[in-house]
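Peer 1: can't give you the sequence, but here's the structure:
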């Protein structure tokens, strides 16, 4: 029994070393894989610009996520009574203003590609580019979502209501099914 005890500790130490080396290898592999596109883009001229834009976008997306989390934490702190109403209003205003700036910057980065997307949609759907619905960036998201589906759906106002033929409940203009009974209320041409 005494002869087995040193062998047990040697095997246990070897397993611990193998597991440690595996974890180290995994973390180094992830670090190199994540940095790979940035390093490759920096080596050539054209790719350097693309990696710079994507890293700027990645920074903005990370800041957006952090701001949304901060707003959520701020609300929780106020609800727990750890933050006065005046402090909450001040921080909430600051965070929301910065979040608005970040969202506008993200939208501005996508702006140059909108016309290319419209042309691509027109070429695929064989619809003239002039008939593809143009949605200005300033338009509210609810209206953009309704207008982006099809030109026919764009004609339906978001405020227009349709009554269900089965139960008579008024549903939104873009609704396909009744919100009460689930019956189909939209014609096939709109769906």
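Peer 2: Right, received. Where do you want to start? None of the values given here were measured: they were computed from a predicted structure. Numbers count the residues shown, from 1 in each chain.
Peer 1: mind listing the strands for this structure?
Peer 2: Assigned by DSSP state E, the strands in the chain fall at 161-163, 170-172.
Peer 1: partner strands of the last one, parallel or antiparallel?
Peer 2: Here strand 170-172 has these sheet partners by DSSP bridges: strand 161-163 (antiparallel).
Peer 1: contacts for the partner strand, please.
Peer 2: 169, 170, 171, 172, 173, 175, 185, 186 (Cβ atoms under 8 Å, 6 or more residues apart in numbering). For glycine as for every other residue, the C-beta is placed from the backbone atoms N, C-alpha and C.
Peer 1: buried subset of those?
Peer 2: 171, 172, 173, 175, 185, 186 (16 or more other Cβ atoms under 10 Å).
Peer 1: of the residues you listed, closest to residue 56?
Peer 2: residue 172 (37.9 Å; Cβ to Cβ).
Peer 1: please report how far the closest one lies from residue 92.
Peer 2: Noted for residue 172: a distance of 31 Å to residue 92, by Cβ to Cβ, to the nearest Å.
Peer 1: neighbours of residue 16, how many?
Peer 2: 10 (other Cβ atoms under 10 Å).
Peer 1: pull the contacting residues for residue 179.
Peer 2: With Cβ under 8 Å, 6+ apart, residue 179 has these contacts: 169, 171.
Peer 1: distance-wise, check it relative to residue 168.
Peer 2: Distance from residue 179 to residue 168, by Cβ to Cβ: 12 Å.
Peer 1: tell me which helix or strand in this protein has the weakest average pLDDT.
Peer 2: helix 151-155 (a mean of 44; mean pLDDT, DSSP states H and E).
Peer 1: if we can go back for a sec, got TSV for the strands of the chain, with distance to residue 64 and mean pLDDT too?
Peer 2: Formatted as TSV, those follow (distance: least, Cβ to Cβ, whole Å; pLDDT from 0 to 100):
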stretch	distance to residue 64	mean pLDDT
strand 161-163	35	77
strand 170-172	29	82
